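Q: Please work out how this folds:
(one chain, ligands or ions: 1)
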Amino acid sequence: MSTAPLRVLIHGGGIGGLTAATALARRGHRVEVAELRGELDALGVGIIQPSNALHVMREIGVLDQCLAAGFEWEVLTVCDPAGATLARIPQPRMGDVPSNNGIPRPALARVLGAAAVEAGARIRFATTIDSLTDEGDVQLSDGSAERYDLIVGFDGIGSPLRTRLYGDRFTPEYTGFANWRVTLPRDPQLRGVLMSTGNRSAKALLTPITDELMYLGTVFAEAADFRPDPERAHEQLRERLAGFGGPIAAALEQVTDPAAVVYSRISQVTVEAPWHVGRVVLAGDAAHASTPHLAQGAAMAVEDALLLARSLDEHADLGIALTAWEERRRPRAMWVQSLSRAVLKQETGTPTTPAEDELLEVGIPGAAHVLVQPY
Ligand SMILES: Cc1cc2nc3c(=O)[nH]c(=O)nc-3n(C[C@H](O)[C@H](O)[C@H](O)COP(=O)(O)OP(=O)(O)OC[C@H]3O[C@@H](n4cnc5c(N)ncnc54)[C@H](O)[C@@H]3O)c2cc1C
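A: Numbering: from 1, shown residues only. Got it, this is the predicted structure:
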């Protein structure tokens, strides 16, 4: 390591924050994580770890644990609304790691949390930053006060640290679309993601996340103030997917519990100013949250995390390390954000710009090939 060990505070113990904690602590930095939640829980739905994310998992030493807790898959199947197969698209690998792993979010949180602690990081739960000076003096809500060399904002799309740096200059923009998800018993036939394309108003996906579980997900245009009815969210989901047959219709029959339906509005945010100010740096969703259409948001967050640690290896000066890191990360994260948004527009019949049309020539299958190139 070319820099002396740093005292690092990571604000947010989500997917990116815990990956950064592990990567930094394994290099000898003294790392603390301030996480608002009281424990390492997460919404009980699943997430796809594409090959580039799995490559990062291998670099921080948790690839085997992720694969053991999830469901490895290689082929994306595209169907028409009735369920007839239109295409079977093998997914590329980055190096020799698998092409994809579906995994329940709580399981991923447990794997990453255990790795961070094992590497020597300390996680302070139910804790946030109360105050922060330019010199790195931090007052935490648990009453402790410390001076840190580096404060990393992995505090998600609503990032309070971003607001601290930039006020309301960069705030999440609601796209007008929302994601409905529900975890179900896995159809034994489902060996990879099945994407059923709709009539421009929706697509529905089935994603295996363990031997026993899969999730059904779909995107619909919803008013900004719409919230599912807690008594009949399952019926509202069925109404939206009424036009689908085949495996989607079979999965829908199992959706009987309104409380099992997870509803998330799809927003995005871009910090169009430096991602670091002094000793504070924003990363992951805090800097560049995208729509989930390429399943790459968390993958970008973990790439950010690993490359931040590597940039600190390479540059003794903190400012130079952060500038070099941002120069490397911004183009790739922005490409993912732009293409994800363009795919959302294309799939929902929203007019696209000429620049988006050019990006869409790459499409989802092409993007997978681009993103297995070195990060
Ligand atoms: C519907 C949907 C599906 C998705 N599917 C995929 C997918 O399949 N694959 C993929 O790669 N990405 C996917 N994503 C994107 C992915 O979830 C995010 O990009 C990823 O979680 C970002 O990681 P992060 O660490 O930056 O933020 P988060 O994982 O959101 O973590 C932020 C953390 O900060 C904490 N925090 C917030 N405020 C404070 C505070 N004041 N003090 C302390 N801590 C705080 C939060 O509690 C949280 O633990 C999806 C997103 C959505 C909405």
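Q: Point out the residues in the protein that sit beside the ligand.
A: 11-17, 34-37, 47-48, 53, 128, 154-156, 160, 179, 264, 284-286, 292, 295-299, 301 (C-beta under 6 Å from any ligand atom). C-beta coordinates here come from the backbone N, C-alpha and C atoms, glycine included.
Q: hmm, 5 Å instead?
A: 12, 14-16, 36-37, 47-48, 128, 154-156, 160, 179, 264, 284-285, 292, 295, 297-299, 301 (C-beta under 5 Å from any ligand atom).
Q: Do a quick rundown of the helices in the stretch 51-200 of the chain.
A: Secondary structure of the stretch 51-200 of the chain (DSSP state H, counting those that start in this stretch): helices located at 51-59, 63-69, 105-119, 160-166.
Q: Can you tell me which helices and strands the longest one packs against?
A: Contact here means 3 or more C-beta pairs under 8 Å, 6 or more residues apart in numbering; DSSP states H and E; on that basis helix 105-119 packs against helix 15-26, strand 30-34, strand 46-50, helix 63-69, strand 122-124.
Q: Mean neighbour count added to these, as TSV?
A: Below are the helices and strands packed on helix 105-119 laid out as TSV (neighbours: other C-beta atoms under 10 Å):
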stretch	mean neighbour count
helix 15-26	29
strand 30-34	24
strand 46-50	25
helix 63-69	17
strand 122-124	16
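Q: burial count for residue 164?
A: Per other C-beta atoms under 10 Å, the neighbour tally for residue 164 reads 17.
Q: tell me the contacts of it?
A: Residue 164 makes contacts with 129, 132, 280, as judged by C-beta atoms under 8 Å, 6 or more residues apart in numbering.
Q: rerun at 7 Å
A: By C-beta atoms under 7 Å, 6 or more residues apart in numbering, the contact set of residue 164 is residue 132.
Q: Also residue 87?
A: Contacts of residue 87 (C-beta under 7 Å, 6+ apart): residue 78.
Q: returning to what we had before: dump the helices and strands packed on helix 105-119 into JSON lines; add mean pLDDT as well.
A: Shown next, in JSON lines, are these (pLDDT from 0 to 100):
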{"stretch": "helix 15-26", "mean pLDDT": "98"}
{"stretch": "strand 30-34", "mean pLDDT": "98"}
{"stretch": "strand 46-50", "mean pLDDT": "97"}
{"stretch": "helix 63-69", "mean pLDDT": "98"}
{"stretch": "strand 122-124", "mean pLDDT": "98"}
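Q: Nearest to residue 361 among these would be which one?
A: Checking those against residue 361 by C-beta to C-beta gives strand 46-50 as the closest, at 20.2 Å.
Q: then the closest one to CSV, C-alphas only?
A: Output of strand 46-50 as CSV, limited to C-alpha atoms (Å, rounded to 0.1, in the frame of the first residue of the first chain):
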residue,chain,number,x,y,z
GLY,A,46,-33.9,-10.8,-4.6
ILE,A,47,-31.2,-9.2,-6.7
ILE,A,48,-29.2,-10.3,-9.7
GLN,A,49,-25.4,-10.2,-9.4
PRO,A,50,-24.2,-10.0,-13.0
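Q: which residues sit against stretch 349-363?
A: 200, 338-339, 342, 345-346, 370.
Q: now the end-to-end length of it.
A: Criterion C-alpha to C-alpha, to the nearest Å; first-to-last residue distance in stretch 349-363 is 15 Å.
Q: what's the answer for stretch 168-175, then?
A: End-to-end distance of stretch 168-175 (C-alpha to C-alpha): 18 Å.
Q: just how off-centre is that stretch within its chain?
A: 18 Å (C-alpha atoms, centre = their mean, to the nearest Å).
Q: which residues sit against that stretch?
A: If you take C-beta under 7 Å, 6+ apart as the criterion, stretch 168-175 is touched by 157-158, 162, 224, 265-272, 289, 291, 344.
Q: buried sites along stretch 86-102?
A: By 16 or more other C-beta atoms under 10 Å, the buried positions in stretch 86-102 come out as 89, 91-94, 97-102.
Q: Narrow the residues of the chain next to the ligand to those that are buried.
A: 12, 14-16, 36, 47-48, 128, 154-156, 179, 284-285, 292, 295, 297-299, 301.
Q: Of those residues, which belong to strands?
A: Among these, the members falling in strands (DSSP state E) are 47-48, 179.
Q: For the residue nearest in space to the middle of the chain, give me its contacts.
A: Residue closest to the average C-alpha location in the chain (C-alpha atoms, centre = their mean): residue 298, at 2.4 Å. Residue 298 sits next to 15, 47, 53 when contact means C-beta under 7 Å, 6+ apart.
Q: Tell me the pLDDT of it.
A: Listed pLDDT for residue 298 reads 98.
Q: Let the chain start at 38 from now.
A: Done: numbering now begins at 38, and the last item shifts to residue 335.
Q: Quick check: it vs residue 329, distance?
A: Taking C-beta to C-beta, to the nearest Å as the measure, residue 335 falls 9 Å from residue 329.
Q: same question, residue 171
A: Between residue 171 and residue 329 the distance, using C-beta to C-beta, works out to 36 Å.
Q: ditto for residue 203
A: 24 Å.
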